[in-house]
Each structure stands twice: as structure tokens, then as C-alpha cells.
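Visitor: build me a structure from this.
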Amino acid sequence: MSFLFLLMDVLTPMDSQEQEELVRSFERNQAQQSRFWNWSASLIFCFTAFRMYSIFQQVSYPWELV
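Guide: The predicted model follows:
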């Protein structure tokens with residue numbers, strides 16, 4: 001019987017306000033995820049730049065302790 005209620009709930013159309021709230025929640029989630037990935041990409045970029053600099057220094061001056 002509960003399956004029938006779930007099916008009826010899915011088949012009933014949403015009103016405009018519900019749709020707008022759902023879209024706003026999706027936009028908030030997308031913005032939050034976008035900030036997270038931008039932060040992560042920045043961190044990875046900085047780490048990669050540091051590693052490239054370290055490799056270059058090691059190849060250029062292998063016996064110097066810096």
C-alpha cells in the first residue's frame with residue numbers, strides 16, 4: 001500500500017514554488033561543490049608548482065643543501 005502512495009506522490013506535478021525551491025537548493029549545492037573543487041584545484045596546482053621547482057633545484061644543484 002505504501003508503494004502506491006509513493007507512486008502517487010511521484011506522479012503528482014509540483015507547483016511553481018516547489019520547483020523554484022528545488023532549483024535554488026540545486027544551485028546552492030552546485031555553488032558549494034564548485035567552491036570545493038576550485039579550492040582543491042588551487043591546492044593541487046600549488047603543490048605541483050612546488051614539486052617542479054624542487055625537482056629543478058635538485059637537477060640544477062645536486063650537491064647543495066638548501
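Visitor: show me the shaky parts of the chain.
Guide: By pLDDT under 70, the weakly predicted segments of the chain are 1-11, 65-66.
Visitor: show me the helices in it, by range?
Guide: 2-11, 16-60 (DSSP state H).
Visitor: buried deepest among those helices, which one?
Guide: Counting by mean count of other CB atoms under 10 Å, helix 16-60 has the highest mean neighbour count of the helices of the chain, with a mean of 10. C-beta here means a position set from N, CA and C on the backbone, and glycine is covered the same way.
Visitor: which other helices and strands contact it?
Guide: Here helix 16-60 touches no other helix or strand, going by 3 or more CB pairs under 8 Å, 6 or more residues apart in numbering; DSSP states H and E.
Visitor: could I get stretch 25-45 in CSV with only the CA atoms?
Guide: Listed in CSV are the C-alpha atoms of stretch 25-45, where the atom choice follows Å, rounded to 0.1, in the frame of the first residue of the first chain:
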residue,chain,number,x,y,z
SER,A,25,18.7,24.1,-3.5
PHE,A,26,20.4,22.6,-6.5
GLU,A,27,22.1,25.9,-7.3
ARG,A,28,23.3,26.2,-3.7
ASN,A,29,24.7,22.7,-3.8
GLN,A,30,26.4,23.3,-7.2
ALA,A,31,27.9,26.5,-5.9
GLN,A,32,29.2,24.8,-2.8
GLN,A,33,30.7,22.0,-4.8
SER,A,34,32.2,24.5,-7.3
ARG,A,35,34.0,26.3,-4.4
PHE,A,36,35.3,23.0,-3.1
TRP,A,37,36.7,22.0,-6.5
ASN,A,38,38.2,25.4,-7.1
TRP,A,39,40.0,25.2,-3.7
SER,A,40,41.2,21.7,-4.4
ALA,A,41,42.5,22.6,-7.8
SER,A,42,44.4,25.6,-6.4
LEU,A,43,45.9,23.4,-3.7
ILE,A,44,47.0,20.7,-6.3
PHE,A,45,48.4,23.4,-8.6
